[in-house]
Each structure stands twice: as structure tokens, then as C-alpha cells.
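J.: Give the three-dimensional model of this entry:
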Amino acid sequence: MIGYPLSINRHHVFSCSAPSHAASIPSARPVDGYGACHLARPRVVLFPLLGKKYLYPHLSLSTIPLTPRQGVSFYPQLLSNIKRRSVTGLALDYFVFNVIGFACYTISCIAFLFSPVVRKEYADRHPDSPEPTVRGNDLAFAAHALAISIITLSQFWAGLWGYERHPAQKMSKPAKAFVAGCFVVVGINCAYVDGVKWGWIDVVSASVSMRLLALFCPRL
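T.: Residues are numbered from 1 along each chain as shown. Okay, here's the model as predicted:
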């Protein structure tokens with residue numbers, strides 16, 4: 001077996017550079033004048049492992065179908081808490097951020113899908129592509145994630161579930177400041193809406209930014 005150096009590019013999942021005589025090798029299929037070859041159907045293996053967004057960063061998130069793998073990922077912690085009847089060892093802040101993040105995600109999806117005002121403002125600002133890229137699968141994923149996140153967060157309240165919780169498991173001051181800041185930002189954005197310089201789509205955009213901060217900053 002002859003090996004050639006591999007490289008990744010945006011148009012093909014991976015390729016290998018081979019000399020001109022490689023055309024006689026069954027496993028090497030030249031596709032251009034420089035002897036580059038591509039292995040057959042690598043996406044079948046790589047897409048499930050790495051995800052389409054990793055390999056094709058120029059694609060919209062809405063082009064990635066909602067899969068059971070995405071939805072199921074929210075259940076292990078929920079079921080573990082039920083089995084243990086305890087939330088000890090968990091960071092309350094993390095689950096608060098999850099609820100805030102997915103609430104913002106759900107609201108933005110609803111606005112882009114069903115609000116005629118937001119959709120019109122989007123079309124006015126993007127005449128070359130007036131249709132928002134948000135799809136029903138985005139809303140389904142966001143709403144499902146929000147529901148599971150709320151249930152998981154509610155397990156911290158002993159009066160509701162009766163689960164064991166350490167007295168030290170409380171929201172930190174930075175988390176409280178972040179939650180308060182989210183409400184302040186939304187309030188300020190709503191107050192500035194005039195339909196000309198500042199529209200409801202800007203309020204939605206602010207919620208998207210808060211979603212990114214809530215979901216990704218705690219993971220750093």
C-alpha cells in the first residue's frame with residue numbers, strides 16, 4: 001500500500017497529493033492536473049464522528065438536521081439525579097446559564113419563524129437573502145433543550161423534588177450579576193426600539209448574543 005500526505009480543504013473532506021503515475025493505482029483517483037486524489041466516500045465515516053459543521057464551517061447551522069444524538073445528550077445528568085435522588089457535586093451556576101441560554105435561543109427562533117415584524121426587518125436588512133435561515137428543527141431543538149434544562153434546574157429545589165443538596169450549592173455572585181445583566185440588556189434594547197434606527201430584530205440579536213455568552217462562557 002502506498003501512502004500520500006493528507007490535507008483538508010473546504011471543497012473536499014480530505015485529499016492526498018500523488019504523482020502523475022498514481023492514476024494506475026486503484027485506490028487513488030486523480031481529480032485535477034496536479035495529481036491530487038480523494039478517498040472514496042470519506043464523509044460516511046467522518047460526518048457522524050466530527051459533525052458537518054466542523055468539516056464545512058461555511059454551512060448554516062440550520063442545514064444540520066436535528067438528530068436524536070443532540071436531544072439525548074441532555075438526559076444523562078437528569079436521569080442520574082433521579083437515580084441518586086441528589087444534586088450534590090453539581091454547579092448550580094451551570095444549569096442557570098443553560099436555562100438562560102436556551103430561553104434566549106427559543107425566543108430568537110420563535111421571532112424569526114413567526115414574527116412578521118422581525119421577518120420584515122430581516123428582509124429589509126438582507127435584500128439579497130430575505131428569508132431567515134432559522135427552521136423548525138432549530139425551534140424544536142431549542143424548546144426541547146429549554147424544557148429539559150428547566151427540569152434539571154428544578155431538581156436543586158428540595159421542596160419540589162426532595163433531593164439531597166449541599167448547603168454550599170448556591171448561585172455565585174458573578175452568576176447573579178450575569179442574570180441581572182441579561183434582564184437589563186433586554187430592557188434597554190426594548191426601550192430603544194423605534195422601528196427606524198433600532199428595531200425588534202436588534203432585540204432578538206441581543207438575545208442571541210446573550211445565548212452565546214450563557215452557553216459557552218461557563219465552559220471556558
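J.: can we go C-alpha only for contacts and neighbour counts from here?
T.: Noted.
J.: And F95, how close does it get to L212?
T.: As judged by Cα to Cα, to the nearest Å, F95 and L212 stand 15 Å apart.
J.: who's more crowded, the two?
T.: For F95 and L212, the more surrounded residue by other Cα atoms under 10 Å is F95, and the numbers stand at 20 against 15.
J.: you'd agree that one is up against I151?
T.: No. The criterion here is Cα atoms under 8 Å, and F95 misses it with I151 at 9.9 Å.
J.: By mean pLDDT, point me to the weakest helix or strand of this structure.
T.: helix 52-55 (a mean of 37; mean pLDDT, DSSP states H and E).
J.: Which helix in the chain has the most residues?
T.: helix 92-114 (DSSP state H).
J.: pLDDT weak spots in this structure?
T.: By pLDDT under 70, the weakly predicted segments of the chain are 1-70, 218-220.
J.: Please enumerate the helices of it.
T.: 43-50, 52-55, 68-72, 75-84, 92-114, 116-125, 136-154, 158-161, 173-191, 200-216.
J.: Show me the contact partners of the fifth one.
T.: The contact list for helix 92-114, computed with Cα atoms under 8 Å, 6 or more residues apart in numbering, reads 118-119, 132, 134-136, 138-139, 142-143, 145-146, 149-150, 152-153, 156, 169-172, 175, 179, 204-205, 207-208, 210-215, 218.
J.: How about that helix, which residues are buried there?
T.: 92-113 (16 or more other Cα atoms under 10 Å).
J.: the domain parsing of the protein - what is it?
T.: Segmentation of the chain into domains, based on automatic domain parsing, reads 6-50, 66-219.
J.: got the contact list for stretch 177-193?
T.: With Cα under 8 Å, 6+ apart as the criterion, stretch 177-193 contacts I100, W198, G199, W200, D202, V203, A206, S207, M210.
J.: Could you pick out the buried ones from the residues you listed?
T.: Buried members of these, scored by 16+ other Cα under 10 Å, are I100, G199, W200, D202, V203, A206, S207, M210.
J.: Including distance to V185, could the residues you listed go into TSV?
T.: As requested, the buried ones among the contacts of stretch 177-193 are exported to TSV (distance: Cα to Cα, whole Å):
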residue	distance to V185
I100	13
G199	15
W200	13
D202	11
V203	9
A206	8
S207	9
M210	9
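J.: so which of these comes closest to R165?
T.: I100 (21.8 Å; Cα to Cα).
J.: Contact partners for the nearest residue to R85 once chain neighbours are set aside?
T.: Counting by Cα to Cα, 6 or more residues apart in numbering, R85 lies nearest to Y163, which is 4.9 Å off, once chain neighbours are set aside. By Cα under 8 Å, 6+ apart, the contact list for Y163 reads R85, S86, V87, Q155, F156, W157.
J.: Narrow those residues to just the buried residues.
T.: Applying 16+ other Cα under 10 Å to these flags S86, V87, Q155, F156 as buried.
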